[in-house]
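Asks: Here is my input; please provide its structure:
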Amino acid sequence: MKILINDDLELVTRQLKYILEREFDYDIIVSNDSQNSLEIYRRESSINLILTDLMMPDMNGLEFAQEIQRIDRVNDEGTQKPTRMILITAVDQKSTRSTPDNDLLNMAILSGFFDEVISKPVNRNELVLCISKLITKDGNTEGDNHPSVESLIQQIDEAVPLWGAYELDAFKKYFGEKMEHIQELQKKLIEQEEVEVESK
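Replies: Below you'll find the predicted structure:
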């Protein structure tokens, strides 16, 4: 499996590549040009996941996704698996204002091309959890190519004292609010916050 990162800012692609190489045993391909990314996608049949920016000078993320859908690909096993796509954007997802950028983001979300939307600056934990969920959904669970839920929970247990509500919300989003362990983590976070308040 290979992951393609498409963003016109080299700083962003370097950051994402660094995060993914530390967390996943996959080949990470980066491109700072959408046309070049399309050529790479045509050549590399084992790309099953694409991370793409929304606002780019040569082709926006929605146009890029539309072009991806037009490319017929068959992987090395002779079958065609769905290519998962994650949209990464600095546009405020919570904004209700009608601006060209916000309207484009809304159209991209409604297009159905993207499995997830992640805001910039990218939160490492949110990105890892998001990709792990998509990999598990597609059944790519052979070997140690991605963190198991158990290992993620262990990491979260160790990191809870350093976490805030944002990270826990990201975890809940991908593994379900009703998980008993989530309740325990929330309780730990509340207790930690109470200790911090008392110590001030």
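
Asks: What segments of this protein are strands?
Replies: Using DSSP state E, the strands of the chain run over 2-6, 27-31, 47-53, 84-89, 116-119.

Asks: elements contacting the first one?
Replies: Counting contacts by 3 or more C-beta pairs under 8 Å, 6 or more residues apart in numbering; DSSP states H and E, the secondary-structure elements packed against strand 2-6 are helix 10-23, strand 27-31, helix 34-43, strand 47-53. All C-beta atoms are positioned from the backbone trio N, CA, C, and that covers glycine.

Asks: per-domain residue ranges of this protein.
Replies: According to automatic domain parsing, the chain comprises the domains 2-126, 148-200.

Asks: hey, least reliable of those domains by pLDDT?
Replies: Between the domains of the chain, the lowest average pLDDT goes to domain 148-200, which shows a mean of 56.

Asks: what sits against residue 68?
Replies: For residue 68, the contact set (C-beta atoms under 8 Å, 6 or more residues apart in numbering) comprises 38, 41, 50, 83, 85, 113.

Asks: Most neighbours out of these, which is it?
Replies: residue 50 (26 neighbours; other C-beta atoms under 10 Å).

Asks: so that one bridges to which residues?
Replies: According to DSSP bridges, the partner residues bridging residue 50 are residue 4, residue 85.

Asks: Does it touch residue 6 like I think?
Replies: Yes. Here residue 50 reaches residue 6: they are 6.5 Å apart, a contact under C-beta atoms under 8 Å.

Asks: which neighbours do those two share?
Replies: Common neighbours of residue 50 and residue 6 (C-beta under 8 Å, 6+ apart) are residue 37.

Asks: Leaving out the residues flanking it, which one is nearest to residue 124?
Replies: residue 19 (5.4 Å; C-beta to C-beta, 6 or more residues apart in numbering).

Asks: ok, now residue 48?
Replies: Spatial nearest neighbour of residue 48, chain neighbours left out: residue 1 (5.1 Å); criterion: C-beta to C-beta, 6+ apart.

Asks: Okay, that neighbour and residue 42: tell me how far apart.
Replies: 17 Å (C-beta to C-beta, to the nearest Å).

Asks: who touches residue 64 in this structure?
Replies: By C-beta under 8 Å, 6+ apart, residue 64 lies in contact with 6, 34, 37-38, 52, 56.

Asks: ok, residue 117 touching residue 91?
Replies: No. Counting by C-beta under 8 Å, residue 117 does not reach residue 91; the two are 9.5 Å apart.

Asks: Is it correct that residue 90 is in contact with residue 12?
Replies: No. Under the criterion of C-beta under 8 Å, residue 90 is not in contact with residue 12, lying 9.6 Å apart.

Asks: so what sits against both of residue 117 and residue 91?
Replies: Contacts common to residue 117 and residue 91, judged by C-beta under 8 Å, 6+ apart, are residue 105.

Asks: of those two, who's got more company?
Replies: Taking neighbours as other C-beta under 10 Å, residue 117 and residue 91 compare with residue 91 leading, 20 against 17.

Asks: OK, contacts around the more buried one?
Replies: By C-beta under 8 Å, 6+ apart, residue 91 lies in contact with 54-55, 101-102, 104-105.
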